[in-house]
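K.L.:
Return atomic coordinates for the entry below.
(one chain, ligands or ions: 2)
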Amino acid sequence: MSTCRRHPAGPRPDPGLLARCRDLPTSILSDSMERAGGMRGLHWVPGGRWPRVAGPALTVRTRPGDNLVVHRALDLAAPGDVLVVDAGGVLERAILGEIMGRYAVTRGIAALVVDGAVRDAEGLAAGPIPVFALGINHLGPYKDGPGEVHGPVQAGGAVVRSGDVVVGDADGLVVVPHERAAQVVALGEQRLAAEEQMFAAIDAGTLDRSWVLATLTEELVAGDGPR
Ligand SMILES: O=C([O-])CC(=O)C(=O)O
Ligand SMILES: [Mg+2]
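P.N.:
Ligands and ions are numbered 1, 2, ... in the order given. Model prediction:
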């Protein structure tokens, strides 16, 4: 027997706020947090393509190469949770595959995030919920524990706490600390509106480029002809 340390679950974000997150690209959200707050290296499993997802983190820290506490977390999940598994970034064994992916769907889990490897990539990519991982490995996990549920974890170099808002799309994943979520979303909406104005200016040929040479001192190299 081994141990699963269970911490109290974190707060649940307001559903309206989560809906607004789903309208904000991860690039806009990380821009709204001083260009930080992202997980590095975690992306959709190959072949997967899903709408943007946003939900409260259900955090799990597992022994690398072992998924016993991940099974426990699947049964503790609340609908809409994003399961974030800290498997230490180790790629030697998959932490989950299609069986667990299909079971996660029946638990109402919104997305699976593994700071480690997964397997059954084709089956996961064909499923209805996004699966993000650091890598793929056909070698399966052991089921011995130990681990922790709802405690603070790291994934892709970012700290994630139970109830923090995790948003994922084609660019990867961003974690928005739950106490900053309302402020970050409001800022993100302003940035998105500003980007949309830039897209319109690009299409109209009126985009202001003066900032480039206002920021650079240009040194012309002798012999380099005009372009
Ligand atoms: O066997 C396991 O524990 C992981 C796996 O491949 C699955 O969930 O399909
Ligand atoms: Mg499998």
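
K.L.:
Residues of this structure that sit close to ligand 2?
P.N.:
Residues of the chain found near ligand 2, taking Cβ under 5 Å from the ion as the criterion, are 97, 99, 120. The way it works is simple: take the backbone N, C-alpha and C, and place the C-beta from them, glycine included.

K.L.:
Export these as a markdown table, with columns for neighbour count.
P.N.:
As requested, these are arranged in a markdown table below (neighbours: other Cβ atoms under 10 Å):
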| residue | neighbour count |
| --- | --- |
| Gly97 | 20 |
| Ile99 | 10 |
| Asp120 | 22 |
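
K.L.:
In helices, which of those residues appear?
P.N.:
Ile99 (DSSP state H).

K.L.:
Return the residues of the protein in contact with ligand 1.
P.N.:
Residues of the chain lying near ligand 1 by Cβ under 6 Å from any ligand atom: 67, 96-100, 119-120, 140-141.

K.L.:
Swap in 8 Å and give it another go.
P.N.:
Counting by Cβ under 8 Å from any ligand atom, the chain comes close to ligand 1 at 67, 71, 94-101, 103, 119-120, 123, 140-141, 143.

K.L.:
Just the buried ones from these?
P.N.:
67, 71, 94-98, 100-101, 119-120, 141 (16 or more other Cβ atoms under 10 Å).

K.L.:
Any idea which residue is closest to the centre of the protein?
P.N.:
Taking Cα atoms, centre = their mean, the centroid of the chain lies closest to Leu173, which sits 2.4 Å from it.

K.L.:
Reduced to three states, what does that residue come out as?
P.N.:
The three-state label given to Leu173 by DSSP: H, G, I helix; E, B strand; the rest coil is strand.

K.L.:
Grab the nearest non-local neighbour of it.
P.N.:
Of all residues not flanking Leu173 in the chain, Met39 sits nearest, at 4.3 Å (Cβ to Cβ, 6 or more residues apart in numbering).

K.L.:
could you check the distance from the residue nearest to the centre of the chain over to ligand 2?
P.N.:
For Leu173, the distance to ligand 2 (Cβ to the ion, to the nearest Å) stands at 23 Å.

K.L.:
Report the helix or strand with the lowest average pLDDT across the chain.
P.N.:
When each helix and strand of the chain is scored by mean pLDDT, DSSP states H and E, strand 38-39 comes last, with a mean of 90.

K.L.:
who does that strand pair up with?
P.N.:
strand 172-176 (antiparallel) (DSSP bridges).

K.L.:
Not counting the partner strand itself, show me its contacts.
P.N.:
21, 26, 29-30, 33, 37-43, 57, 113, 132, 155-156, 158-160, 164-168, 184-185 (Cβ atoms under 8 Å, 6 or more residues apart in numbering).

K.L.:
and it, average pLDDT?
P.N.:
Summarised as a single mean, pLDDT over strand 172-176 is 97.

K.L.:
what's the next secondary structure element after that strand?
P.N.:
Note on strand 172-176: by DSSP states H and E, the next helix or strand toward the C-terminus is helix 181-204.

K.L.:
helices or strands up against the following helix or strand past that following helix?
P.N.:
Note on helix 181-204: by DSSP H and E, the next helix or strand toward the C-terminus is helix 210-215. Using 3 or more Cβ pairs under 8 Å, 6 or more residues apart in numbering; DSSP states H and E as the contact test, no helix or strand touches helix 210-215.
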